[in-house]
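**Q** Next input, structure requested:
(one chain, ligands or ions: 2)
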Amino acid sequence: MGDKLSAQWARVRGRLRAEYGETAYRSWLRPLTLQGMEGGRVRISVSTRFMQDWVESQYGDRLASLWAVEAAEVHSVDIYVEGGTETASTLERPPTAKEARSTGDEIGAPLDPRFTFENFVVGKPNELAFAAARRVAEADTVPYNPLFLYGGVGLGKTHLMHAIAWHLRRTRPERHAIYLSAEKFMYHFIRALRYKDTVAFKEQFRSVDVLMIDDVQFIAGKENTQEEFFHTFNALVDQNHQVVISADKSPNDLEGMEERMKSRLGWGLVADIHPTTYELRLGILQTKADQHEAEVPPKVMEFLAHKITSNVRELEGALNRIVAYASLVGRAVTLENTQEVLHDILRANDRRVTIEEIQKRVSEHFNIRLSEMYSSRRARAVARPRQVAMYLSKQLTSRSLPEIGRKFGGRDHTTVMHAVRKVDELRATDNGFNEDIELLRRMLES
Ligand code: ADP
Ligand code: MG
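**A** Ligands and ions are numbered 1, 2, ... in the order given. You can find the predicted model right below:
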């Protein structure tokens, strides 16, 4: 199978994993085997009939649209049972090279060509991590060891690590840089144990100039791997070779990680990537739309930057989806079709602001007790903030009017409706009030 196809498949799987979560991914998506692509048909095999039905019904559409994003020529995805009677004979099985022993460079994972410094959009939340990564990539000596990058899912950790590797490859090909996930590190280690080949395993890593291990939280709780990692890590640091680590938490907060490991991981520079801001999200969308050479109206980008606040991967996924949709059906991207095409993603993001949060923020803002949100008092000083909170609950969550009413001391849905109307009215007539609400909304959404 071609490198390009493998890379595309890896990206499709990456997206599925991000969208459906780890559990679904492991049960249903990881077991899929890409068999090839021919004449615009992607062929994927599974091991049982049940798997086939399930994957087709649950993930089929998404698989097809993700493939369409990756390769415009793809028009269908066939999922079939390996060894099944209908189609298996026409297939070319991929070589079983997976079992071959990997040596030298192969131990590292392939790099995503899009993950370069040039393609990374810098903003307040990631400027420290970006600057530190650049420094590591450009410095003649080891500036800090290790560089420890941490932050939530989809905020650019892997991107920055690949960027370091790309930069080194271009500017200093003689330096041996390796990138791999902690999971893969563990896999290689366990295999070395099985083949009684741990000496070669150690040599491989210890002769590396720059070692980058992604998502080390994965080896927390895995004692043997941690031990080996610790030794490898120490050997490299002692020889003044650069180590770059990423995790979803700071060294101190890594549960199941030995104390000595935690402390050692924090010796160099610890740089965190904060959740994105609206400005950064907008910047990223603009950059990505330019890369797609897609016409996306500013209104749509603002809408997406407002609504999809969880992480960059999801934001990118949303953009890809509407761009793919527009090109498939031959229509321009509009706010209307964006909302339609993305309704599932938008709903999932909506749910992230809760009514409880809204009540808390609003009562703080108006300086009243939180309990007034549920109380029956009607004095203007408490009734108005309560209406504002109901209004924002309607705007920012996907809760229905009765559901909202219940959360406000068991009020009727008509009360909520009235509140929504009242606040709309006031916003239209009272500028100060309008700005207040806008501010609250932004605070809640950031
Ligand atoms: P993490 O490893 O932190 O989970 P990734 O590095 O895989 O996140 O990033 C997820 C996706 O978002 C990737 O496609 C990456 O290119 C993109 N991305 C994240 N941050 C940025 C950024 N600041 N600029 C451009 N793309 C970004
Ligand atoms: Mg990552």
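**Q** Average pLDDT for stretch 381-389, rounded please.
**A** The pLDDT scores in stretch 381-389 average 96.
**Q** Put the alpha carbons of it into CSV.
**A** Extracted as CSV, the C-alpha positions of stretch 381-389 are listed here (Å, rounded to 0.1, in the frame of the first residue of the first chain):
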residue,chain,number,x,y,z
ALA,A,381,-33.3,43.2,41.6
VAL,A,382,-33.5,39.4,41.5
ALA,A,383,-36.1,38.7,38.8
ARG,A,384,-34.1,40.5,36.1
PRO,A,385,-30.9,38.5,36.6
ARG,A,386,-32.9,35.4,36.7
GLN,A,387,-34.5,36.2,33.4
VAL,A,388,-31.1,36.9,32.0
ALA,A,389,-29.9,33.5,33.2
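**Q** So which residues on this structure come close to ligand 2?
**A** Residues of the chain lying close to ligand 2 by CB under 5 Å from the ion are K157, T158. Bear in mind the C-beta positions are built from the backbone N, C-alpha and C, glycine included.
**Q** and if we set it to 6 Å?
**A** K157, T158, D214, D215 (CB under 6 Å from the ion).
**Q** Output the set of residues of the protein in proximity to ligand 1.
**A** Taking CB under 6 Å from any ligand atom as the contact definition, the chain meets ligand 1 at 115, 119-121, 126, 151, 153-159, 284, 312-313, 316.
**Q** Among these, which are located in helices?
**A** Judged by DSSP state H, helices contain the following of those: K157, T158, H159, I284, V312, R313, E316.
**Q** from this protein, which residue is nearest to ligand 2?
**A** Closest residue of the chain to ligand 2, CB to the ion: T158 (3.2 Å).
**Q** which secondary element of this structure has the worst mean pLDDT?
**A** Here the helix or strand of the chain ranked lowest by mean pLDDT, DSSP states H and E is helix 22-24, holding a mean of 72.
**Q** Toward the C-terminus, what is the element adjacent to that one?
**A** strand 33-38 (DSSP states H and E).
**Q** Quick one: list the elements packing against that next one.
**A** helix 3-20, strand 41-46 (3 or more CB pairs under 8 Å, 6 or more residues apart in numbering; DSSP states H and E).
**Q** how does it look with 10 Å?
**A** Using 3 or more CB pairs under 10 Å, 6 or more residues apart in numbering; DSSP states H and E, the elements in contact with strand 33-38 are helix 3-20, strand 41-46, strand 76-81.
**Q** Specify the angle between that strand and helix 3-20 in degrees.
**A** 130 degrees (axes from the mean of the first three to the mean of the last three CA atoms, to 10 degrees).
**Q** Leaving out chain neighbours, which residue sits closest to L282?
**A** Using CB to CB, 6 or more residues apart in numbering and skipping the chain neighbours, the partner closest in space to L282 is A305 (4.3 Å).
**Q** contact partners of whatever helix or strand that neighbour lives in?
**A** A305 belongs to helix 298-307 when assigned by DSSP H and E. With contact meaning CB atoms under 10 Å, 6 or more residues apart in numbering, helix 298-307 is reached by 276-286, 288-289, 296-297, 314-315, 318-319, 322, 333-339, 342, 345-346, 349-350, 396, 441-442, 445-446.
**Q** mind redoing it with 6 Å?
**A** Y278, R281, L282, L285, A318, V333, L335, T338, L346, N349 (CB atoms under 6 Å, 6 or more residues apart in numbering).
**Q** farthest-separated two in those residues?
**A** Using CB to CB, the pair of those lying farthest apart is Y278 and V333, separated by 20.0 Å.
**Q** between those two, who's got more neighbours?
**A** In this view Y278 and V333 are compared by other CB atoms under 10 Å, and V333 has more residues nearby, 22 against 15.
**Q** correct me, but the more buried one touches V323?
**A** No: counting by CB atoms under 6 Å, V333 stays clear of V323, with 7.0 Å between them.
**Q** quick one on the thing from earlier: what is the nearest of the ones in helices among the residues of the chain next to ligand 1 to Y187?
**A** For these, the closest approach to Y187 (CB to CB) belongs to T158, at 17.3 Å.
**Q** What's the local residue count around the closest one?
**A** 22.
**Q** if I look at it, how far off is D112?
**A** Using CB to CB, to the nearest Å, T158 is found at 8 Å from D112.
**Q** In the sheet, which residues pair with the closest residue to T158 other than its chain neighbours? Tell me.
**A** Nearest residue to T158, sequence neighbours excluded (CB to CB, 6+ apart): D214, at 5.6 Å. Per DSSP bridges, the residues bridged to D214 are S181.
**Q** can you pull the contacts of D214?
**A** T158, M161, S181, S246.
**Q** so can I have TSV of these showing pLDDT and distance to R384?
**A** Listed next are the contacts of D214 as TSV, based on pLDDT from 0 to 100; distance: CB to CB, whole Å:
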residue	pLDDT	distance to R384
T158	97	47
M161	98	50
S181	92	52
S246	97	47
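**Q** Going by distance to ligand 1, which of these wins?
**A** Closest approach between these and ligand 1, by CB to the nearest ligand atom: T158, at 3.3 Å.
**Q** Give me the contacts around the single longest helix found in the chain.
**A** Using DSSP H to define each element, the chain has its longest helix at helix 49-70. Residues outside helix 49-70 that contact it (CB under 6 Å, 6+ apart) are Q8, V12, R15, W28, V42, V46, V74, V77, I79, V81, N320, A324.
**Q** Can you report how many residues lie near the third one?
**A** The one in question is R15. Applying other CB under 10 Å, we find 22 residues neighbouring R15.
**Q** what residues are up against G123?
**A** L280.
**Q** and it, how far is that from Y374?
**A** Going from G123 to Y374 by CB to CB gives 39 Å.
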